[in-house]
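> Structure for the following, please:
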Amino acid sequence: MKLLGFDTSSDRLVIGLSDGDKLLYHQSILLGRRHSTEIFTYLEKALKESHLTLQDLDGFVVGKGPGSFTGLRVGLSVAKTLAYTLKKPIVAVPTMDVLAEPFRSETVPICPILDAKRQQVYACLYESNGTLLKRTMDYVVTPVQPFVKTLKGEILFLGEGLHLYREEIRAVKKEEALFAPETSWIPDPEKLLSLGRIRFEKKQFDDPMHLVPLYVYPRDCMIKKK
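Residues are numbered from 1 along each chain as shown. Next comes the predicted model:
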């Protein structure tokens with residue numbers, strides 16, 4: 001099964017191409033606001049370097065956020081257009097699930113933090129039993145300090161929002177705040193593809209005509225206290 005996956009939820013374009021569980025290509029490019037003008041160039045590069053064409057693909061995997069409204073609109077528009085035009089299936093995967101996936105063997109809760117602008121962050125919480133990773137709350141957008149104060153015990157934080165809010169988190173959680181390596185703060189294209197492949201194998205495809213980004217708004221933010 002040959003899948004092309006990409007995520008445009010941040011200033012980066014993350015691209016991966018896989019054949020089954022074999023990763024053929026991966027790249028992360030800092031584009032800023034240039035997703036709309038450069039995404040096709042990098043998708044073509046990925047296909048060329050993998051010696052594949054769009055017709056060779058079995059489908060597409062796209063990150064659906066939350067994240068940059070503009071970036072998400074571009075990424076999903078491209079993915080939906082490719083899927084509809086080529087008549088190939090598509091699945092959309094929450095970006096935070098992709099961020100948390102590499103840490104499924106952790107014994108402490110995992111908390112991705114992404115910048116939501118206006119002094120707020122997108123956040124979520126996951127727990128693992130050593131093999132299975134489970135999301136334990138809704139995706140939220142919230143000021144960082146009130147959110148972090150609701151979290152009990154040691155927490156492993158990751159995500160590009162830490163560039164802005166790491167010290168605020170440390171001030172609240174002190175030694176209970178653990179931070180993943182900065183190299184893991186962006187979506188891993190291999191994990192994006194592996195999560196997408198699970199849904200492909202179950203034929204849990206999304207309808208490209210109705211697929212929308214995962215937008216999270218303040219009125220939806222009901223933080224679940226344990």
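> Quick check: the gap between the residue sitting nearest the centre point of the chain and L30.
Centrality entry for the chain: nearest residue to the mean C-alpha point is T95, 1.7 Å, by C-alpha atoms, centre = their mean. Using C-beta to C-beta, to the nearest Å, T95 is found at 16 Å from L30. To be clear about C-beta, it is placed using only N, CA and C from the backbone, and glycine gets the same treatment.
> from the middle of its chain, how far away would stretch 22-33 be?
Distance, stretch centre to chain centre, for stretch 22-33: 13 Å (C-alpha atoms, centre = their mean, to the nearest Å).
> Give the rounded mean pLDDT of it.
Looking at stretch 22-33 alone, the average pLDDT works out to 94.
> And R118, what's its pLDDT?
So, for R118, pLDDT stands at 89.
> With L133 instead?
Listed pLDDT for L133 reads 93.
> before we move on, what about the one 3 residues further on?
On pLDDT, T136 comes in at 96.
> can you check A92 too?
Turning to A92, the model gives it a pLDDT of 98.
> likewise the one 10 residues further on?
In the prediction, the pLDDT value recorded for P102 is 96.
> May I have the secondary structure class of it?
Three-state secondary structure (criterion: DSSP: H, G, I helix; E, B strand; the rest coil) places P102 in helix.
> Verify the stated contact: it with S184.
Yes - if you go by C-beta atoms under 8 Å, P102 and S184 touch, sitting 6.0 Å apart.
> higher neighbour count, those two?
Taking neighbours as other C-beta atoms under 10 Å, P102 and S184 compare with P102 leading, 17 against 14.
> what's the domain layout of the protein?
With domains defined by automatic domain parsing, the chain comprises 2-94+187-214, 96-184.
> pull the longest helix from the chain.
For the chain, the longest helix by residue count, based on DSSP state H, is helix 69-86.
> which strands and helices sit next to that helix?
Under the contact definition 3 or more C-beta pairs under 8 Å, 6 or more residues apart in numbering; DSSP states H and E, helix 69-86 sits against strand 2-7, helix 35-49, strand 59-63, strand 90-93.
> ranking the ones you listed by burial, who's on top?
Ranked by mean neighbour count, the helices and strands packed on helix 69-86 are led by strand 59-63 with a mean of 28 (mean count of other C-beta atoms under 10 Å).
> And the helices in the chain, which stretches?
35-49, 69-86, 95-100, 144-149, 162-173, 189-201.
> ok, and what's touching the fifth one?
Applying C-beta atoms under 8 Å, 6 or more residues apart in numbering, the set of residues contacting helix 162-173 from outside is 113, 115, 121, 144-145, 148-149, 151, 155, 157, 177, 179, 182, 185.
> Apply 10 Å and report the result again.
The contact list for helix 162-173 (C-beta atoms under 10 Å, 6 or more residues apart in numbering) reads 111-115, 119-121, 123, 143-149, 151-155, 157, 159, 161, 176-177, 179-180, 182, 185.
> Give the ChimeraX command for selecting the buried subset of those.
Selecting the buried subset of the contacts of helix 162-173 in ChimeraX, with 16 or more other C-beta atoms under 10 Å as the burial test, is done by:
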select :111,112,113,114,115,120,121,123,143,144,147,148,151,155,157,159,161,177,179,180,185
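> which ones among the contacts of helix 162-173 are found in strands?
Judged by DSSP state E, the contacts of helix 162-173 include 111-115, 121, 123, 155, 157, 177, 179 as members of strands.
> wait, which of the residues you listed is closest to I15?
Nearest to I15, judged by C-beta to C-beta, of these is L114 at 19.0 Å.
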